[in-house]
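[1] From the sequence below, what's the structure:
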Amino acid sequence: MPRCSRFFAVAFSILLILAPRAAMAQTDGPLYVVQPGDTLFAIALKFGTSVEALASANQIADPSSIRPGMELVLPGFEGITGRLTTKAVGYGETLGSLTLRYGISPEVLVRLNRIVNPGRLYLGQEVILSEQDATQLLVPNSRLLLAEIGEGRLSFAVRRGLRPWSFWADGASFFQAWALPGRPFRVPGGESPTGALPEPIQAVVVAPERAVQGRTLVVRLQLGEPALAAGRIGERQLTFHSLNSADLVTLQGIHALAEPGLYDLELALKDLDSGEILTRISQPIRVAGGGYPADPILNVPDETVDPINTQPEDQMVAALVTQSSEEKLWDGPFLFPTTYYETFSSFYGSRRNYNGLGYLWYHTGLDLFGSTQTEVYAPARGNVVFAGPLTVRGQATYIDHGWGVFTGYFHQSQILVSVGDLVEVGQKIGMVGATGRARGAHLHWEVWVGGVPVDPLEWTTNPLP
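    I've put the predicted structure just below:
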């Protein structure tokens, strides 16, 4: 055998030996390309199969032997071919808009993703598409718009300056006499950012996409024209503030005791002059647990857990912190309110049992060490809205930082500010103490957002919004 032929024969043999076992797998199913950090378990979880089924379909003897770049056949998807990838559902996207946007039938999308409730795709939910579907639109240089109540094909086209035969619905020509409200249509003229947002909304940014107990949710609207906005998540009303005439934002705390699960995030736009509703849109978002521990039983004075005292005090505080002033006074992350912030005596969110009455409470703030000689500072610019003695909170101060963001300071031995004072970041506002429901000198520090206390540590690290 010539030397050149022997060389290629040896090289081919080496390639056969080194090739991934998955290369010899069955080919009658869709393929997934292994990504860096993937494990067989994670892939099985993502695509709704098992490690054993994946290993069998791809003749993998050692599940830990997979590596990036390998192509794995995905069992359980008979009749579906091509390479599969995943895409996170954006705000406003529905099963209908996804099928229209990527040219895939609803039946295939439901089957591919094992969707139980097609009408409840939630924000951030991963849906499986073929790579071709995920990168190519059904109609190039096009966008999606939503029909309004009672609109027919002609009125839909006239209102947007389109030819009636120039748009599609559900991947085919639209022949129905009437449109369904909220139904997406593909029309010429650019691509919609998320695929199915009603005019004049151009983008909805929700951060984080998966909300967490005790954290802050930020919702930002980018509009094509100025409008008023309102909203709701669960039972909480949202108040929007203007970054500019067509860019609105709201901040909302997620309650530490909120039940994990799906909550509808509803948005509505109103006309600036008449207040008439221009459009509404709703999508579920997922709220995850915060993983908060339970503290040991704490013994405190009975009067500090007696509803006769606690209920009026809580109602007074709620009336303060549910306001939302228009001017944003803070800038960047909050400072810690004392010089002792490397360790903490108690963290936010821990479940509390006072005097053996049961775990009926949770810790609504962050406890910082100190003594009656420790000074308390304003962590950000704001207006003092309360300064005085309370039964549970002791000598307390509340500061309004604008946009529904408040901070509270409890158990002080001295209060050095008055209601109406505008305090600057770093200004001394009081002294640490042990007044109210406290077993020793410390500062209990709270941050409230949208009428809900959230973890103060989040605000010391993240510039919100």
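
[2] pLDDT below threshold where in the stretch 1-150 of the chain?
    Along the stretch 1-150 of the chain, segments meeting pLDDT under 70 span 1-28, 131-150.

[3] can you pull out the strands in it?
    31-33, 71-73, 83-88, 126-130, 142-146 (DSSP state E, counting those that start in this stretch).

[4] Can you redo the ones you listed as CSV, where the extra columns are mean neighbour count?
    Heads up, the C-betas are built off the backbone N, CA and C, glycines and all. CSV is the format used below for those (neighbours: other C-beta atoms under 10 Å):
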stretch, mean neighbour count
strand 31-33, 18
strand 71-73, 20
strand 83-88, 16
strand 126-130, 19
strand 142-146, 22
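
[5] Would you format the ones you listed as a markdown table with distance to Gly426 included?
    Putting the strands of the stretch 1-150 of the chain into a markdown table (distance: least, C-beta to C-beta, whole Å) gives the following:
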| stretch | distance to Gly426 |
| --- | --- |
| strand 31-33 | 52 |
| strand 71-73 | 56 |
| strand 83-88 | 40 |
| strand 126-130 | 44 |
| strand 142-146 | 49 |
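
[6] Out of the ones you listed, flag the one nearest Arg215.
    Taking C-beta to C-beta, strand 83-88 is the member of the strands of the stretch 1-150 of the chain nearest to Arg215, at 18.9 Å.

[7] Might you calculate how far that closest one sits from the centre of the chain?
    Here strand 83-88 is found 20 Å from its chain centre; the criterion is C-alpha atoms, centre = their mean, to the nearest Å.

[8] partners of that strand, with directions?
    For strand 83-88, sheet partners with direction are given as strand 31-33 (parallel), strand 126-130 (antiparallel), following DSSP bridges.

[9] Show me the one of the strands of the stretch 1-150 of the chain that comes nearest Gly358.
    Shortest separation from Gly358 across those is recorded for strand 126-130, at 39.0 Å, computed as C-beta to C-beta.

[10] Please name whichever of the strands paired with strand 83-88 is nearest to Pro456.
    Pro456 sits nearest to strand 126-130 of all those, at 32.0 Å, using C-beta to C-beta.

[11] mind checking how far the closest one is from the chain centre?
    20 Å.

[12] Show me the contact partners of that strand.
    Applying C-beta atoms under 8 Å, 6 or more residues apart in numbering, the set of residues contacting strand 126-130 from outside is 30, 46-47, 82-89, 98, 102, 104, 109, 112-113, 121.

[13] at 7 Å what do you get?
    Strand 126-130 is contacted from outside by 47, 82-89, 98, 102, 104, 112-113, using C-beta atoms under 7 Å, 6 or more residues apart in numbering.

[14] any idea where the strands of the stretch 251-400 of the chain begin and end?
    With DSSP E, counting those that start in this stretch, the ranges of strands along the stretch 251-400 of the chain come out as 261-270, 277-288, 344-346, 351-352, 361-362, 366-369, 375-377, 382-390, 394-402.
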